[in-house]
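S.K.: Below is the sequence, then the predicted model.
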Amino acid sequence: MPFNGKSGKFNAAIRTVEIGTGDKAVKLGGECVAPLYSFDAPIENAPKVGVLITDHGFENESEGIKAYYEGCSNWGEIAQRAAAMEGADFLVLKFDKADPNGENAPVEDCLAIINEVAAATDMPLVIAGCKNAEKDAEIFNKAAEALQGKNVLIFSAKEENYKGVAASAVLAYGQKVGAESSVDINLAKQLNVVISQVGVDMGNIVMNVGTATAGYGFEYVVSTLDRVKAAALGQDDAQLQMPIMTNVGDETWAVKESTASEADIPAWGPVDARGVNMEVATAMAVLASGSNAVILKHPTSVATVSKLIKELM
Amino acid sequence: MLITMSLERGLKAMLINRIFNGNDAVYGLTVGAIDAAIAEHGADKAVGFPDTAYCLPCYYAVTGVKVKTLGDLKEAVGVVKTLMTRNHELDDALMSGVATALCAEFIEALKYIDGAAPYAEPCYGHLSDAIIRTLGVPLVTGDIPGVAVILGSAPTAQEGVDLIKSYQAQGILVALVGGIIDQCEELGYKTGAGLRVVPLGKDVTSVIHIVSVAIRAALIFGNVTPGDAGALLAYTAQRVPAFVNAFKPIDDVILAAGAGAIKLGFPVISNETENIAEVPGALIQQLDTAAMNATSLEARGIKIKVTNIDIPVAFASAFEGEIIRRGDMQVEFDGSRVDCFELVQSKELSEIEDHKIEVIGPEIDEFEVGSKHSIGYVVEVAGKNMQADFESVIERKFHSYINCIEGVMHTGQRDMIRVRISKDAYAAGFRAKHIGEVLYAKIKNEYDAIVDKCQVKIYTNPEDCTKLRHELAVETFNKRDERLNSLTDEAVDVYYSCILCQAFSPSHVCVVTPERLGLCGAVSWLDAKATNELDPNGPCQVITKERVIDERTGAYEDVNEAVKKFSQGAVEQVTLYSIMEDPMTSCGCFECICGIEPFSNGVIIANREYAGVTPLGMTFPELASMTGGGVQTPGFMGHGKHFIASKKFMKAEGGIERIVWMPKELKETVADRLNKTAFELYGIENFTDMIGDETIAEDPETLLAFLTEKGHPALGMDPMM
């Protein structure tokens, strides 16, 4: 498919979705230009950077991440440390341990972490699950209830659980909801449509169209993001005008380039630097393709990406 | 005729009168109670329900006014009076029902004055907002498929409890009012919100507490603005799957309350026979308590999801390819030797008892090990959205369904089926009736959008099978074939888009018409139609064909708009019948490619399986690289095998007469149908004999010599370019 590059302001715009409350609240989306094309028209809300915290703690993280959180003795302190990262706009809590196919941590454990974090910080919160649709629905329901009034983003409803997740997050407890699909514009759009049919206003939806690490079939991601933005802005497709948030850190820190030890592959150099490079490269690529927010792990990545965004705005 | 009409009119008038009477009685009581309360506490006394942000939720939702004091309440009852119009029309009666419900809410609210706790175990009375938020989510997702309100005393306590149990087993939330609560206590039947059986209270007015749930659900989950009564009624009618089971005696007050339920869209099913008249879809008589469940579900249009398949062996796609050897089989049904068939038939809803599975004839136990028998299974389905066209779509899935059973093998279709059941499956307890269970569960699950009710008849008597095969099955198959043959592009009003493969071919859209199936060969017009019905937001969308641009090439404005929309602007226009002018695009999964052969004015067709070189000097993969990925290359087009014999195949360029070369194998596959079409269109007999293949020519010169020798019609046609 030939690329028809076109510069200029569109007559359509991405919806603005706010998460969090008070001074720290962040606005996602709102732009009427191609990704990062601030020279065509001002981009009202610069892309945002979130910091990922998982319930596994930092035991298995890279040295740099581990060192950054050193000395934290509870989830409140961890949240405050994460919030203090240079360039951090919001926090993401992810509950990997809750997966029934893994440790199957009970929902109460997740809630305990959520309550501790919510009490310790006023940063906007994003609540992510464990990838098991059924368990996620449970966690999200309880989290949305516990965090009433905090305007958090429940990240995310999927095809298998969208009814329950969207209804409980947005309708019952007034939060925002993510719509997660796997790198396919039609599935993304279909999910937006069916979520809105549950009764959820489109202005409460943030898309999570999925990602890969740069170099790992990443062209699918670029093509999907590209086409979503082209349809949303070029064709004024209201069902695709939601801002997009992408969980980059989770993907990039799992690939060989970010995990293989220096002892195994001396030529590649230190693990930490490699991981940051993978994370920054992927984050900038999804931002350049249309994502409105990225979720990262490493403090250096967060600082680098947020600085890059500032320079480009 | 006149007599029945006047009788009906008389009954209706009687019903309306009784509702008015009931409403008046409740209104009188309400006014009295409010006045008494004001006399006792003063007009400024606070009134309301605990743990709700919606004051008196029903009144607030209907009027948008928050009642906070007894004085407000006095005003509110005046507003209620305005709803109580007394024209002798059904609508007035139903509005009086709503007025009755609001009065009930006022009476109940008075019980809570001064923080009183008027309800004691096991009764709940008012339900808090928190309970509604937790119940609301499963209601929205369908995990709670319905809400049953049981009112009064069942004929016996046991019958009452059995009815509750039947709803519980379906996941339906049950609210109890009046005598049924005592009946549960009498039998020691456990109740409670956790068990989804909620006793509200003994007074009939306590029914308002479940109405309040429905109404707050509309406010919370339906974004209904308080005071927007129209939107409220639309939400409860469309989104809250509630119904009422009212046991006799039904007095005027209960009837008036029932009218309120009907106005909200909740049908009332009752065993009352005295002084009552049926109102279709709203007030329904059912004398048999055991049948109330089915009657209620049908009246409210509630479908229960089938989650597990009740068979003694495993069911998974892992068993789909399982082969059962002669030595391992317990019994075999073989359509090539004896009469066998499988069939889906659509019926009226009233003709079907859901989940009825009958084995007519001997069970497998009575057959000798290793023996061969007849079998015929008829799956009868009914549904508001069911169409006869979908029968074959469902039936085609039987092969996969039955094969997924551990220890069962299925081949063929229609009346040419073979089913083997293994000794292991038999030993585990698998019988013929379980085939019915599997078909029932899978159909109800996968086709729930079109199938509301389903029953299965399994015939194992050879006489039945012979008779039904010829009189029922073959008849039906013939009718379907006739329908397929008569299904032309001109005969239908709409086409369908298909974007199933856009994940890897982003700018491609198939336009599926009756005579041009999807280029992958897997999606026919009927399939697309069924897909659209099953999944209205899915990959197949309706394309109208009202604005013709050019009949000859099959160009339509509607089609172009759809293609542009679904390709996100990548493709602006396509024709249905031309390979030269805006040919339809291809993803990459086409069965065949046809390409222009300039020497003979014709086209060659290569199928995916063909590994050699075509007379164009290109192989299939080389041709594919020119047409795939949603690119329009005039002169080349991807398509399905079935399309080759279509009268619409490159109709704009003269049709199938242009075909000059095909691989031998493909030629043989399509020969019968292609020859038939050629004869019908041009009167040419054995047209395929004129078409070259790789055994005749692999280069254009040899091909041209062969075509000249055969007098191929393409040679005399206008050049394509």
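M.R.: It's in.

S.K.: three-state assignment of residue B:474?
M.R.: helix (DSSP: H, G, I helix; E, B strand; the rest coil).

S.K.: how many other residues sit next to it?
M.R.: When neighbours are defined as other C-beta atoms under 10 Å in any protein chain shown, residue B:474 has 15 of them. Every C-beta, even on glycine, is put in place using the N, C-alpha and C of the backbone.

S.K.: ditto for residue B:63
M.R.: 17.

S.K.: I'd like the distance between it and chain A.
M.R.: In this view, residue B:63 and chain A are 22 Å apart by C-beta to the nearest C-beta, to the nearest Å.

S.K.: show me what contacts the nearest residue to that residue once chain neighbours are set aside?
M.R.: Spatial nearest neighbour of residue B:63, excluding adjacent residues (C-beta to C-beta, 6 or more residues apart in numbering or on different chains): residue B:227 at 5.8 Å. Going by C-beta atoms under 8 Å, 6 or more residues apart in numbering or on different chains, residue B:227 touches B:61-65.

S.K.: Just to check, residue B:119 is in contact with residue B:201?
M.R.: Yes. The criterion here is C-beta atoms under 8 Å, and residue B:119 meets it with residue B:201 at 5.9 Å.

S.K.: give the contact list for residue 26.
M.R.: The chain I'm using is chain A. A:18-20, A:45, A:48, A:89-90, A:124.

S.K.: um, chain B though
M.R.: Residue B:26 touches B:100, B:103-104, B:107, B:205, B:253, B:256-257, counting by C-beta under 8 Å, 6+ apart.

S.K.: Same question for residue B:505.
M.R.: By C-beta under 8 Å, 6+ apart, the neighbours of residue B:505 are B:586-588, B:628-630.

S.K.: what about 6 Å?
M.R.: B:587-588, B:629-630 (C-beta atoms under 6 Å, 6 or more residues apart in numbering or on different chains).

S.K.: follow-up on the earlier one: just the ones of the contacts of residue A:26 in strands?
M.R.: Using DSSP state E, the subset of these located in strands is A:18-19, A:48, A:90.

S.K.: can you put those residues in a markdown table and add pLDDT?
M.R.: Shown next, in a markdown table, are the ones in strands among the contacts of residue A:26 (pLDDT from 0 to 100):
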| residue | pLDDT |
| --- | --- |
| A:18 | 97 |
| A:19 | 97 |
| A:48 | 98 |
| A:90 | 98 |
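
S.K.: So which of the contacts of residue B:505 wins on neighbours?
M.R.: residue B:587 (26 neighbours).

S.K.: Check the contact between that residue and residue B:509; I expect there is one.
M.R.: No. Judged on C-beta atoms under 6 Å, residue B:587 makes no contact with residue B:509 at a distance of 9.2 Å.

S.K.: which residue packs closest to residue B:444, ignoring adjacent ones?
M.R.: The shortest distance from residue B:444 to any non-neighbouring residue, by C-beta to C-beta, 6+ apart, is to residue B:306 (4.6 Å).

S.K.: Is that neighbour part of a helix or strand, or is it coil?
M.R.: What three-state DSSP gives for residue B:306 is coil.

S.K.: distance of it from chain A?
M.R.: From residue B:306 over to chain A (counting by C-beta to the nearest C-beta), the distance is 17 Å.

S.K.: Likewise for residue B:394?
M.R.: If you go by C-beta to the nearest C-beta, the gap between residue B:394 and chain A works out to 23 Å.

S.K.: Could you find the closest non-adjacent residue to that residue?
M.R.: residue B:344 (4.9 Å).

S.K.: now do residue A:197
M.R.: residue B:537 (8.0 Å).

S.K.: Same question for residue B:278.
M.R.: Distances taken as C-beta to C-beta, 6+ apart put residue B:285 closest to residue B:278, at 5.5 Å, once the chain neighbours are dropped.

S.K.: Please name the bridge partners of that neighbour.
M.R.: Counting by DSSP bridges, residue B:285 is bridged to residue B:270.

S.K.: all strands for chain A, in order.
M.R.: A:17-19, A:26-28, A:48-54, A:90-94, A:125-128, A:153-157, A:176-180, A:205-208, A:245-247, A:293-296.

S.K.: could those go into JSON lines alongside distance to residue A:144?
M.R.: Shown next, in JSON lines, are the strands of chain A (distance: least, C-beta to C-beta, whole Å):
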{"stretch": "strand A:17-19", "distance to residue A:144": "13"}
{"stretch": "strand A:26-28", "distance to residue A:144": "19"}
{"stretch": "strand A:48-54", "distance to residue A:144": "18"}
{"stretch": "strand A:90-94", "distance to residue A:144": "13"}
{"stretch": "strand A:125-128", "distance to residue A:144": "8"}
{"stretch": "strand A:153-157", "distance to residue A:144": "6"}
{"stretch": "strand A:176-180", "distance to residue A:144": "9"}
{"stretch": "strand A:205-208", "distance to residue A:144": "14"}
{"stretch": "strand A:245-247", "distance to residue A:144": "17"}
{"stretch": "strand A:293-296", "distance to residue A:144": "19"}
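
S.K.: What number of residues are in the vicinity of whichever residue of the stretch 201-313 of chain A sits closest to chain B?
M.R.: In the stretch 201-313 of chain A, the residue that lies nearest chain B is residue A:231 (4.9 Å; C-beta to the nearest C-beta). Neighbour count for residue A:231, taken as other C-beta under 10 Å: 21.

S.K.: Perfect, that will be all.
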